[in-house]
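1. I need the structure of the sequence given here:
(2 chains)
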Amino acid sequence: QKEVEQNSGPLSVPEGAIASLNCTYSDRGSQSFFWYRQYSGKSPELIMSIYSNGDKEDGRFTAQLNKASQYVSLLIRDSQPSDSATYLCAVNENSGYALNFGKGTSLLVTP
Amino acid sequence: SQTIHQWPATLVQPVGSPLSLECTVEGTSNPNLYWYRQAAGRGLQLLFYSVGIGQISSEVPQNLSASRPQDRQFILSSKKLLLSDSGFYLCAWGLVGDTQYFGPGTRLTVL
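-> Down below sits the predicted model:
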């Protein structure tokens, strides 16, 4: 069973701090990696996609990918209370049709 | 821009009743379409995907079925609902090996 693992949390950080969310995956053939944010009761919305090793920055968000270690992370700088949500890591395996999702990490940003 | 619609938003159904959930996509042609279910405390589970009209692939054997009668319409059905069918049903569209975009979801409660 190919798996995507995330710490369920909750991860609690103070407002203005950096939140670091981590994800590991089991399939070495994985090609595409995604971070989604899901507010309670709402559907997931895409934050970032990353395809190559290294960092990719978009505003306050930075995705980091290390294929050798099978590890992808999301950093949120200057965390805001509005960032409080569940963050889902998703992996596409071998350019197949499906995304394999982790169970998500709950983030709480406290004022 | 692309828009994805789902209805109804919420649904309460008795055990043994039928189900029909509908999803439509605007602003794109021949999209790959997906049905996911998110049960309480669990991750996103891919149920079905479709790469074209009349083409349905099932990921998880269960009492649900899917159909794609038109290019941008995807329907999830059941003849007899079970308690275990309760959950948050999400339709998504996307490209092979790439990002998937989710609709607003249908919250189904089976009593």
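
2. paired strands for the helix or strand of chain A with the lowest mean pLDDT, with orientation please.
-> Least confident helix or strand, chain A: strand A:99-101 with a mean of 90, by mean pLDDT, DSSP states H and E. Strand A:99-101 pairs in its sheet with strand A:85-93 (antiparallel), by DSSP bridges.

3. correct me if wrong: A:Cys23 contacts A:Phe101.
-> No. Checked against CB atoms under 8 Å, the pair A:Cys23 and A:Phe101 is beyond contact range at 10.0 Å. All C-beta spots, glycine's among them, are computed from the backbone N, C-alpha and C.

4. can you show me the strands along chain A?
-> Along chain A, counting by DSSP state E, strands occupy A:4-5, A:11-14, A:19-25, A:30-38, A:45-50, A:54-58, A:61-66, A:71-76, A:85-93, A:99-101, A:105-110.

5. can you pull the residues of chain B lying near chain A?
-> B:32, B:34, B:42-44, B:46, B:49, B:51, B:57, B:59, B:88, B:90, B:94, B:96-105, B:107 (CB under 8 Å from any CB of the partner chain).

6. show the buried residues in those residues.
-> B:32, B:34, B:43-44, B:46, B:49, B:88, B:90, B:94, B:97, B:99-103, B:105 (16 or more other CB atoms under 10 Å in any protein chain shown).

7. which one of those residues sits closest to A:Glu45?
-> Nearest to A:Glu45 out of these is B:Phe102 (CB to CB; 7.2 Å).

8. give me the phi and psi for that closest one.
-> phi -100, psi 150 (degrees, to the nearest 10).

9. give me the neighbour count for the closest residue to it other than its chain neighbours.
-> The shortest distance from B:Phe102 to any non-neighbouring residue, by CB to CB, 6 or more residues apart in numbering or on different chains, is to A:Ser43 (4.3 Å). Look at A:Ser43: counted by other CB atoms under 10 Å in any protein chain shown, it has 21 neighbours.

10. got phi/psi on A:Ser43?
-> Dihedral angles (degrees, to the nearest 10) for A:Ser43: phi -90, psi 160.

11. residues contacting it?
-> Contacts here follow CB atoms under 8 Å, 6 or more residues apart in numbering or on different chains; on that basis A:Ser43 touches B:Phe88, B:Leu90, B:Phe102, B:Gly103, B:Pro104, B:Gly105.

12. what about these, which are in strands?
-> Checking the contacts of A:Ser43 against DSSP E, those in strands are B:Phe88, B:Leu90, B:Phe102.

13. from the residues you listed, which is closest to chain A?
-> B:Phe102 (4.3 Å; CB to the nearest CB).

14. now the residue lying closest to B:Gly52 once chain neighbours are set aside, what's its secondary structure?
-> Distance criterion CB to CB, 6+ apart; nearest residue to B:Gly52, sequence neighbours excluded, is B:Asn30 at 6.5 Å. Of the three states, B:Asn30 takes coil according to DSSP: H, G, I helix; E, B strand; the rest coil.

15. so B:Asn30 touches B:Arg68, yeah?
-> No. Look at B:Asn30 against B:Arg68 with CB under 8 Å: they stay out of range, at 10.8 Å.
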